[in-house]
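K.L.:
got a structure for you, letters missing:
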């Protein structure tokens, strides 16, 4: 059997060329993949840092707004001695809403109307609780008497044992909510009223008359 040495040499060279090309191709692919992974990693880090920075900005902005309102109220709430009748409470609540809730950025929209009523007095052993209701609604031309309202309940806690020059603590809660708010530690957000109306509307739609 005769073997052509030229054919063997040519096949060997072709095999070497193939291996070299395959190696180079794998190397290029590996480099591209590595660079892509680095780029994705850097992009993820940048996005994370941007998100954290945005979160810190929002947190800082909220803290700033909170600092402006916390511990401060535009209304001088009455002392025990000044609280001679329930009309004092009505006047102070209306003053608080007009001066603070309506002027807060993103606060109460002019379309909202409200009425304030004295509800009841609860006499306890050491204090009297005076309960007021602020009832909000959005009347329109088509519906001047709205179907639903959203209420906020204010409480004046008048002590029977403290000094007469003690300022009366005032607190309030939104309808169907348990969280107690205080005027000097509160920033008004209209969405709470909107959520109450939305909840009532959804509930009414589930009832067949």
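P.N.:
Looks like it arrived, so ask away. No experiment lies behind these values; they were computed from the predicted model shown. Numbers count the residues shown, from 1 in each chain.
K.L.:
tell me which residues of stretch 118-138 are tucked away?
P.N.:
Judged by neighbour count using 16 or more other Cβ atoms under 10 Å, the buried positions of stretch 118-138 are 118, 127, 130, 131, 132, 133, 134, 136, 137, 138. For glycine as for every other residue, the C-beta is placed from the backbone atoms N, C-alpha and C.
K.L.:
ok, of those residues, which one's closest to residue 94?
P.N.:
Ranked by distance to residue 94 (Cβ to Cβ), the buried residues of stretch 118-138 are led by residue 134 at 8.5 Å.
K.L.:
so what's the closest one up against?
P.N.:
Counting by Cβ atoms under 8 Å, 6 or more residues apart in numbering, residue 134 touches 93, 97, 114, 115, 116, 151, 152, 153, 154.
K.L.:
please redo it, this time with the cut-off set to 10 Å
P.N.:
Counting by Cβ atoms under 10 Å, 6 or more residues apart in numbering, residue 134 touches 90, 93-94, 96-97, 101, 114-117, 150-154, 172, 174-175.
K.L.:
which phi and psi values does it adopt?
P.N.:
With angles defined as degrees, to the nearest 10, residue 134 shows backbone torsions of phi -110, psi 120.
K.L.:
and if you look at the one 10 residues further on?
P.N.:
Backbone torsions of residue 144, given as degrees, to the nearest 10, read phi -60, psi -20.
K.L.:
please consider this matter closed, and thank you.
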